[in-house]
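S.K.: for reference, the sequence and a predicted model appear below.
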Amino acid sequence: MQRFLGRYEGCIYPAMRIVLGFLYWCHGPQWLFGWFNQLGPVPLTSLQGVAGLLEITLGTLIMIGLFTPWAAFIASGEMATAYFYFHLQRGQGWLPIMNGSEITVALCFGFLLIAARGSGAFSIDSWLASRRRSA
């Protein structure tokens, strides 16, 4: 199994980066425009408004692979903040399954991995790096 997956790692990792970035991005329009499930719109100056701006901006950067380590690190921090500030405040327990924060915790640690590892293939970061090497 390892040999099989290792052969496709160059495609699997960027696919994970793009999917996690998209899942994260989807929360921004919920807050800012009321898309998908009518959570918003909320004022831009509210905590949810700032979260929406971060989610749209950082999610886009992560998906296209631009400034990926920084964007993913900040997004990971935002997800950690959302867990401690929002989900734990519900008073329904600290386990993610109890307070509805499964996607929040998964995104937090997924983005931490991306921040540590970088953007990988199929990214603007890698394209820019290849141009610098060839120049």
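M.R.: Yep, that arrived.
S.K.: now residue 62, nearest residue through space, not along the chain?
M.R.: residue 21 (3.4 Å; Cβ to Cβ, 6 or more residues apart in numbering). All C-beta atoms are positioned from the backbone trio N, CA, C, and that covers glycine.
S.K.: whoops, I mixed them up, residue 125
M.R.: Closest residue to residue 125 apart from its sequence neighbours, by Cβ to Cβ, 6+ apart: residue 119 at 4.2 Å.
S.K.: now do the helices in the chain.
M.R.: Assignment of helices within the chain using DSSP state H yields the ranges 2-7, 9-33, 47-64, 68-82, 96-99, 102-117, 124-134.
S.K.: for the protein, give me the ranges with low pLDDT.
M.R.: 1-2, 5 (pLDDT under 70).
S.K.: reformat the helices of the chain as CSV; add mean neighbour count.
M.R.: Converted to CSV, the helices of the chain look like this (neighbours: other Cβ atoms under 10 Å):
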stretch, mean neighbour count
helix 2-7, 8
helix 9-33, 18
helix 47-64, 20
helix 68-82, 20
helix 96-99, 14
helix 102-117, 18
helix 124-134, 12
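S.K.: tell me who's in contact with residue 73.
M.R.: 111, 112, 115 (Cβ atoms under 8 Å, 6 or more residues apart in numbering).
S.K.: how much space between residue 19 and residue 12?
M.R.: According to Cβ to Cβ, to the nearest Å, residue 19 and residue 12 sit 10 Å apart.
S.K.: picking up where we left off before, list the contacts of the residue nearest to residue 125.
M.R.: Residue 119 is in contact with 14, 17, 65, 66, 68, 69, 125, 126, counting by Cβ under 8 Å, 6+ apart.
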